[in-house]
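In: Got a predicted structure here, sequence first:
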There are 4 protein chains.
Amino acid sequence: MAALLRGSGTALRRSRNHVRLATGSRSMASKTPVGGYPVIATDVFIQSGKELQDLGAQILDSPAEVADKADRIITMLPSSPNVIEAYTGASGILRKVKKGTLLIDSSTIDPSVSKEMALASEKMGAVFMDAPVSGGVGAASLANLTFMVGGPEEEFTAAKELLSCMGANVLYCGQVGAGQAAKICNNMLLAIGMIGTAETMNLGIRLGLDPKLLTQILNMSSGRCWSSDTYNPVPSVMEGVPSNNNYLGGFGTTLMAKDLGLAQNTATNTKTPIPLGSLAHQIYRTMCARGYANKDFSSVFQFLREEEGQ
Amino acid sequence: MAALLRGSGTALRRSRNHVRLATGSRSMASKTPVGGYPVIATDVFIQSGKELQDLGAQILDSPAEVADKADRIITMLPSSPNVIEAYTGASGILRKVKKGTLLIDSSTIDPSVSKEMALASEKMGAVFMDAPVSGGVGAASLANLTFMVGGPEEEFTAAKELLSCMGANVLYCGQVGAGQAAKICNNMLLAIGMIGTAETMNLGIRLGLDPKLLTQILNMSSGRCWSSDTYNPVPSVMEGVPSNNNYLGGFGTTLMAKDLGLAQNTATNTKTPIPLGSLAHQIYRTMCARGYANKDFSSVFQFLREEEGQ
Amino acid sequence: MAALLRGSGTALRRSRNHVRLATGSRSMASKTPVGGYPVIATDVFIQSGKELQDLGAQILDSPAEVADKADRIITMLPSSPNVIEAYTGASGILRKVKKGTLLIDSSTIDPSVSKEMALASEKMGAVFMDAPVSGGVGAASLANLTFMVGGPEEEFTAAKELLSCMGANVLYCGQVGAGQAAKICNNMLLAIGMIGTAETMNLGIRLGLDPKLLTQILNMSSGRCWSSDTYNPVPSVMEGVPSNNNYLGGFGTTLMAKDLGLAQNTATNTKTPIPLGSLAHQIYRTMCARGYANKDFSSVFQFLREEEGQ
Amino acid sequence: MAALLRGSGTALRRSRNHVRLATGSRSMASKTPVGGYPVIATDVFIQSGKELQDLGAQILDSPAEVADKADRIITMLPSSPNVIEAYTGASGILRKVKKGTLLIDSSTIDPSVSKEMALASEKMGAVFMDAPVSGGVGAASLANLTFMVGGPEEEFTAAKELLSCMGANVLYCGQVGAGQAAKICNNMLLAIGMIGTAETMNLGIRLGLDPKLLTQILNMSSGRCWSSDTYNPVPSVMEGVPSNNNYLGGFGTTLMAKDLGLAQNTATNTKTPIPLGSLAHQIYRTMCARGYANKDFSSVFQFLREEEGQ
């Protein structure tokens, strides 16, 4: 999951072995210049820029200006329209991008938008790759994120070198858009597994089972999944997860609803039936409508749980 | 999963350190007397009885007769009515059960029926425990099944001694019915994970991802689950699973639909919302109506997959 | 719908052209002796009995005593266990029922329980019919309810004569249990139509449509249904419906969840896939868990509606 | 429903009280010049153009040429990309549209595309209205279609005059896109009602009810909807509907899946939860994958029905 990174944008520039991190917009993605490379950055939120500046980054006013100075740029933005603007807008990257620049977009967006950006970049002589990221706050601060990369295979080595500064796992997924596809698929299955785990734990508790014991049984049986063994949604079952902290932190319900919206859209466009994925989407949408928008997505356990006194 | 064991009934008798396996009904659960114990058995299918006889078991005509001779009895039957009949019917176990007999029912049934049987057994001075089993054909032939046991905690050691002959894992889950509850919960989450994995893999393929690569990515990310890493539903992704063998063998769609029916019933009775579990149930019901009844439950991938030429 | 009548039980006795209304249990079904017939009644809530007494009814202590004096008995109880007790319990109707007595159960319960009661009644020489009722508070006070009757066809005329005192529509549905089946089917489709209407109206409003105009368009098009044209869930669209009165009165979410539980159980038992009915059930279950238990079932509009400020 | 009209495009020109019908693309919408007006038309399928020519229409080569000669143009195209091309493409209407021309698009597409087309038209001094149509083959041949119109209120009278030649009902729904919104909402509720009716009828039949009798009961009760009383999905219940003709004709499953895709997209974009609408979408998608693509959408009854012999 990418909670920390959402709503943020970064750009890295390598020049004679120096890479500069530059936020493309909004909030800050990574708190420190990574891998020892100097960083050029921009962010629509001035405060975020200042924080980066304190860490040694050079702050510029727009994506176009960053593109004028850097030949390795990483962007990380909240949604498709932001990406379109950051690349093709009036002060977007493609206005001043240099030939041969490597553009890596780590936003989670519709794969068809990634493909559009790749085409537009190609016309300017630049290479565009999509590289959405997975892993939460903890993973980010430990440079332990997973990047799922789509784009020309011959450029993957260069992308990997850069992304390895931030993530332990950098995976090549296929042509442009394949990184998005992999991310969307993973998060859809994650959402299904989480709601399924929440339902199952709630049912077990109502049938008289001890939640810790039930967790153990599931985890040594065929019900085992990441949501049961690593990120259990039931309070007091596991240490260090949002369910044990009033569902604060972690990966917000709104963000999960957004990613499931991408899954929904791509499934509709490809005429693929996703009955559980689609219902998971509706459940997270309903949760957003009922006050769970900013809680961790594992709070679906609380949403489904019978109220006290019933 | 318990595909091999469904529709079968076994009874074990211990007498001076000798335990005898006795099929309570229908088909045979285990092809050989286990743990070196002599076995007394009964089965409504004469042929099954004969096979056991060839293996050295003594075959009797009814559960009542087995109860007259054995003081450790294991039953394994297809559904609640069969269990009710085998215990409380005209020639049922409780007609001739001896005081102190340990009754272990390894059927997967409604926990409320397990509780009824326990009460009826208690009146006769016998101890009833529910111990549904998980694990498929392979696990059974390797004595590598998992038993989930409910009943009086002080009797668990005795039950475990017996069940350990057949299963590597014997887990104490709580009071009578808790074994059923754990089994039902596990299989509900399993069904959700399987359909979710099938949807996700299909979506990924339609988005252009290689299924083997997508499987790898999911398995190192938060989408990971038993259905993705151990029992993948996509042909040619994994060796030795039903998806690689035309969905033959394994755990049939009908059986999964039955277990989800138990989950549905217990959820309805306890007023627990199970949106995904309930939809999973309906999907397996629909598959049974469309010709998938006898295929492995991972064939949901095939059910959801776009037809050739579309 | 039968909001007013739930949790109540009535029994009518005809003797020399005199029919006596007798509550079988709990709360009162009908506030006045109907059709001019004298009434014998019983109710576990003493206060309900007193109210009937004030209206001229004779109050007895148990169903058995009513059965001793009446030869036409109507019961209306909250759920299957209550019906089983009222008929076959220690002081139940069948203890003292007279040969030839007509027993009409207007509870909404599992059809299989109706069949059991019919068999038990037949053994005592009495005739049992199931006759669940549809229509709400308004319909009840106007004797405008709909009864759906199952049982021997040759007894339908006698049942209709009695039930016509309370309901404008008395429909013969088939053998015993058929009344329950029809009621369960109707309410399942009602629940689906209501949630569907709520989703549709909410979507239309979010797309900028005026809710009154959208209602008109749906009602003259193929989206038309009872929930859109008679019981619209959106406040201020229609007069005299619960949505226009803070979802007070009407047919409670808990009761709808109960009826959908019956649909779920019968569908599971008959292996019938009901994907939307099943999801409707889960939505009403979730609403009960989130504070909507006592609101009218049309409050699903409010449940799905985006919160202010989002 | 608009089965006949899908995949077709028409343009009408009025000149000195003469309106000319012009197909914008693909197949023909209306077989005869309507209302006595002369017709100018274009269609990508030459054969369709010829048929119109035989009926007296003047056939041109492209939408741009039609726009050069007509000042009242009606388009009816299969999906959003076709509409975008027909209006803004290299030989699109807006290349040669005259100031003051009334453009009416009767395609069923995403409301946001309608809004884009309206903006682009406005820049050229033309007026764009969306007017998707409802009603099937029969309604079309009887000029009995329903048009749902969005656009400037002051232009509605002019639009209505033209559309009244083809449809009995012409409804003003609000600003541009409102016609699409109303159509999408109606068809979503229709799909939910149809699947709900199919599930309910199947459940009732499995519970032993006669399907004609159950239909009667539903239609006089709160389960009543268009799919139960006008377009019943069960064979032999009703005359003159696709269910009585092997689900031939009517409104195809593919088309319903497409409209539900639009509902899904608009719901996702507006963050509106549509649990049943979304599941209905997935069911129609699955049906397309299982061989029901070209059957009438009421064939969901057949899809859910238990197979013979089970």
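Out: Everything's here; your move. Numbers count the residues shown, from 1 in each chain, chains lettered A, B, ... in the order given.
In: Enumerate the positions of the helix or strand hosting A:Ala86 that are buried.
Out: A:Ala86 is part of helix A:80-88 when elements are defined by DSSP states H and E. By 16 or more other CB atoms under 10 Å in any protein chain shown, the buried positions in helix A:80-88 come out as A:80, A:82-87. In short, each C-beta sits where N, CA and C put it, glycine included.
In: and what of stretch A:65-79?
Out: A:65-67, A:69-79.
In: Can you flag which of these belong to strands?
Out: A:72-75 (DSSP state E).
In: What is the nearest of those to C:Ser228?
Out: A:Thr75 (46.4 Å; CB to CB).
In: that older thread, turn the buried residues of stretch A:65-79 into JSON lines, including pLDDT.
Out: JSON lines is the format used below for the buried residues of stretch A:65-79 (pLDDT from 0 to 100):
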{"residue": "A:Glu65", "pLDDT": "92"}
{"residue": "A:Val66", "pLDDT": "91"}
{"residue": "A:Ala67", "pLDDT": "93"}
{"residue": "A:Lys69", "pLDDT": "90"}
{"residue": "A:Ala70", "pLDDT": "90"}
{"residue": "A:Asp71", "pLDDT": "90"}
{"residue": "A:Arg72", "pLDDT": "92"}
{"residue": "A:Ile73", "pLDDT": "93"}
{"residue": "A:Ile74", "pLDDT": "92"}
{"residue": "A:Thr75", "pLDDT": "93"}
{"residue": "A:Met76", "pLDDT": "90"}
{"residue": "A:Leu77", "pLDDT": "90"}
{"residue": "A:Pro78", "pLDDT": "87"}
{"residue": "A:Ser79", "pLDDT": "88"}
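In: got TSV for these, with distance to B:Lys271 too?
Out: Output for the buried residues of stretch A:65-79, formatted as TSV (distance: CB to CB, whole Å):
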residue	distance to B:Lys271
A:Glu65	60
A:Val66	57
A:Ala67	58
A:Lys69	62
A:Ala70	59
A:Asp71	61
A:Arg72	57
A:Ile73	54
A:Ile74	50
A:Thr75	48
A:Met76	44
A:Leu77	44
A:Pro78	39
A:Ser79	39
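In: how about TSV for the ones in strands among the buried residues of stretch A:65-79, with distance to A:Leu55 added?
Out: Formatted as TSV, those follow (distance: CB to CB, whole Å):
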residue	distance to A:Leu55
A:Arg72	18
A:Ile73	18
A:Ile74	16
A:Thr75	19
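In: near chain B, which of these show up?
Out: When contact is defined as CB under 8 Å from any CB of the partner chain, those do not meet chain B at all.
In: Nearest to chain C among those residues?
Out: A:Thr75 (27.4 Å; CB to the nearest CB).
In: Just confirm that closest one contacts A:Leu102, I think it does.
Out: No. Look at A:Thr75 against A:Leu102 with CB atoms under 8 Å: they stay out of range, at 11.7 Å.
In: Secondary structure element for A:Asn169, which one?
Out: strand A:167-174.
In: and the helix or strand that that strand is followed by, does that touch chain B?
Out: The helix or strand immediately downstream of strand A:167-174 is helix A:178-206, counting by DSSP H and E. Yes. In terms of CB under 8 Å from any CB, part of helix A:178-206 sits within range of chain B, namely A:178, A:181-182, A:184-190, A:192-193, A:195-197, A:199-204, A:206.
In: After helix A:178-206, which helix or strand is next? Please name it.
Out: By DSSP H and E, the next helix or strand past helix A:178-206 is helix A:211-219.
In: residues in contact with the next helix or strand along the chain from that following helix?
Out: Sequence-wise, the next helix or strand downstream of helix A:211-219 (DSSP H and E) is helix A:226-229. By CB atoms under 8 Å, 6 or more residues apart in numbering or on different chains, the residues outside helix A:226-229 that reach it are A:190, A:193-194, A:196-198, A:200, A:215, A:218-219, A:233, A:298, B:189, B:221-225.
In: rerun at 7 Å
Out: With CB atoms under 7 Å, 6 or more residues apart in numbering or on different chains as the test, helix A:226-229 has contacts from A:190, A:193-194, A:197, A:215, A:218-219, A:233, B:222-225.
In: Tell me the one among the residues you listed nearest to C:Leu304.
Out: The nearest one, if we look at those relative to C:Leu304 and count by CB to CB, is A:Met194, at 21.0 Å.
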